[in-house]
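**Student:** Below are the sequence and a predicted model; questions follow.
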Amino acid sequence: MVNKKAYMKTLEAVIALVIFLMAITFTITVHESDQPAVPQDIELLQDTILNKIEYNETLRAQAFAEDTVQMDFFINNTVQTNIAYNFTLCTDTAVCTIPTSTSEIVYSDSLIMVNNNSDVVLVRLILWKK
């Protein structure tokens with residue numbers, strides 16, 4: 001009789017664990033479906049641009065100087081070689097402006113960089129299709 005009770009308690013624990021894992025899986029799945037997925041072409045374009053700004057010494061220095069003219073030129077050349085996109089690039093002290101006339105979904109990504117002088121700059125890249 002003692003063994004039968006032990007088997008029943010073990011079976012109850014396994015069933016409770018399975019129900020608990022199903023509830024967690026359901027909660028995570030519902031939460032992920034609420035967020036719109038970023039299209040792969042936009043995600044790759046954002047990664048390309050931000051990686052180039054991060055690792056190119058000239059663009060990196062311009063980001064710390066908050067001189068977005070050359071960075072805009074670089075991004076314009078990069079964006080024009082791909083599908084037609086509009087973009088806004090701004091640093092942490094600049095105000096990012098997005099045209100309200102666009103009916104497209106706006107995608108944003110950011111990059112935080114620190115230089116040798118412990119200066120910190122936040123670069124925001126905002127893209128949307130034309």
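**Tutor:** Now that the structure is in, tell me what you want to look at. This is a predicted model, so every value here is computed, not measured.

**Student:** Show residues contacting stretch 29-49.
**Tutor:** When contacts are defined by Cβ atoms under 8 Å, 6 or more residues apart in numbering, stretch 29-49 is touched by residues 74-75, 78-79, 82-83, 85, 105, 107, 109, 125, 127. No exception for glycine: its C-beta is placed from N, CA and C like everyone else's.

**Student:** so how far is stretch 43-62 off the chain centroid?
**Tutor:** 15 Å (Cα atoms, centre = their mean, to the nearest Å).

**Student:** nope, stretch 24-43 is what I meant
**Tutor:** Relative to the chain's own centre, stretch 24-43 is displaced by 12 Å; criterion: Cα atoms, centre = their mean.

**Student:** Ends of that stretch, what's the gap?
**Tutor:** 29 Å (Cα to Cα, to the nearest Å).

**Student:** Quick check: buried residues in that stretch?
**Tutor:** Residues residue 42 are the ones in stretch 24-43 that count as buried (16 or more other Cβ atoms under 10 Å).

**Student:** Which pLDDT value belongs to the residue positioned nearest the centre of the chain?
**Tutor:** Nearest to the mean C-alpha position of the chain, counting by Cα atoms, centre = their mean, stands residue 109 at 5.2 Å. If you check residue 109, the pLDDT there is 85.

**Student:** C-terminal to the longest helix along the chain, what's the next element?
**Tutor:** Of all segments of type helix in the chain, defined using DSSP state H, the longest is helix 2-34. Later in the chain than helix 2-34, the nearest helix or strand by DSSP states H and E is helix 40-55.
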